[in-house]
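J.: coordinates for the following, if possible.
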Amino acid sequence: MNSNLTTSLNHEKAVTAANGAAMLALLISLLLGDVALFIYSIKDGVDTLGHPHFELFFPAIVMLPVLIVMLTGLFTLQPNEARVLVLFGKYKGTVRTSGLHWGNPFYSNGPSSLVALQAQIAAAKAGNMAGIKQQRPGRNKISLRARSLNGEKLKVNDKGGNPIEIGAVVVWRVNDTAQAMFDVDNYENYVTMQSESSLRHLANLYSYDHGEANEATLRSNVEEVSAALRAELQERLAKAGVTVDEARLTHLAYAPEIAQAMLRRQQAEAVIAARQMIVHGAVSMVDMALKELATRGVITLDDERKAAMVSNLMVVLCAESEVHPVINTGTLYS
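T.: Numbers count the residues shown, from 1 in each chain. The predicted model follows:
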């Protein structure tokens, strides 16, 4: 017996709603006609029969709330906005065309007030003020525009176990409205949580700096790290019908408790690198000087004099402060 559980994924089905302008004109005409019929049934019936025309009076009364309910089927969509049509719990399709439309008045209008209240309470507990103000719009409308998620700074450990602070911005948009609506509980919260989880996982895979030979690091390979973050986010958010357009690191630093120690290490490494360059240049200049003297025959130096000359030149070239030469009026051996 196979115990593996499979999740049924929903996929968007594009549909076209009725023309809203035409339906609005038709419904208003019917509504005005129904009101006129209601008034006529009373006035003419009382004048001629002493009572309303009941064969006209009752249909007019019944049609009045029916027409009012049908008017609630009108809805508008802005550019890059869609509405998911749900009739008695069954997905009927998604309208993506902007403008005025008309649909079945019994299409679901989104989460109940209790669900919306619970979402606001959860956002307030998490300190997400934007989540309180930007709840999912009514009538099952979903924005298809690109959105930016500027994540908070996270304190995590890099590959070497060093505590670091890292933050990222994610640009995303809804691609499949059916998956966003039905395959996850709240796709906006889902994007937020998965972005944080992916960023933590990414930080654990890379060293902040000074990795092994030819190893990518968070500080030195920002483009590669950002591409890896986007790929992982896309894989995680695909089930919510979300497409990640861009993911990029916005903050990277050592945690405060080790920042000073790491700064001193970086300063020491910079000093060592500078010294290495100075010594390399000084050795090259000393070698060039000895070769030039030997080639031109200016002076013949034995090994001891060469050693003294090399020592003096290295002191002059490698010293941090200005060197004041001492003039020897005698000989090297005196």
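J.: next, the buried residues of stretch 51-66.
T.: By neighbour count with 16 or more other C-beta atoms under 10 Å, stretch 51-66 contains the buried residues 52, 53, 56, 57, 60, 63. Placement of C-beta: from N, CA and C, glycine included.
J.: before we move on, what about stretch 166-179?
T.: Residues 166, 168, 169, 170, 172, 174, 175, 176, 177, 178, 179 are the ones in stretch 166-179 that count as buried (16+ other C-beta under 10 Å).
J.: cool, and stretch 182-193?
T.: Neighbour-count burial for stretch 182-193 [16+ other C-beta under 10 Å]: 182, 183, 184, 186, 187, 188, 189, 190, 191, 192.
J.: please save the CA atoms from that stretch in CSV.
T.: Extracted in CSV, the C-alpha atoms of stretch 182-193 (Å, rounded to 0.1, in the frame of the first residue of the first chain):
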residue,chain,number,x,y,z
PHE,A,182,-6.6,27.8,-3.1
ASP,A,183,-3.2,26.1,-2.7
VAL,A,184,-2.0,28.2,0.2
ASP,A,185,-3.9,29.7,3.1
ASN,A,186,-2.6,33.3,2.6
TYR,A,187,-0.2,33.8,-0.3
GLU,A,188,1.1,37.1,1.0
ASN,A,189,2.1,35.7,4.4
TYR,A,190,3.4,32.6,2.5
VAL,A,191,5.7,34.8,0.5
THR,A,192,7.0,36.6,3.6
MET,A,193,7.7,33.4,5.5
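J.: of the buried residues of stretch 51-66, closest to residue 216?
T.: residue 63 (71.1 Å; C-beta to C-beta).
J.: any idea how far residue 106 is from the closest one?
T.: From residue 63 over to residue 106 the distance is 18 Å, taken as C-beta to C-beta, to the nearest Å.
J.: got it, and residue 77?
T.: From residue 77 across to residue 106, the span is 19 Å (C-beta to C-beta).
J.: and the helices in the stretch 201-334 of the chain?
T.: Counting by DSSP state H, counting those that start in this stretch, the stretch 201-334 of the chain has helices at residues 222-237, 256-296, 303-318.
J.: next secondary structure after the helix or strand harbouring residue 155?
T.: Using DSSP states H and E, residue 155 sits within strand 154-157. Next along the chain after strand 154-157, taking DSSP H and E as the criterion, comes strand 163-174.
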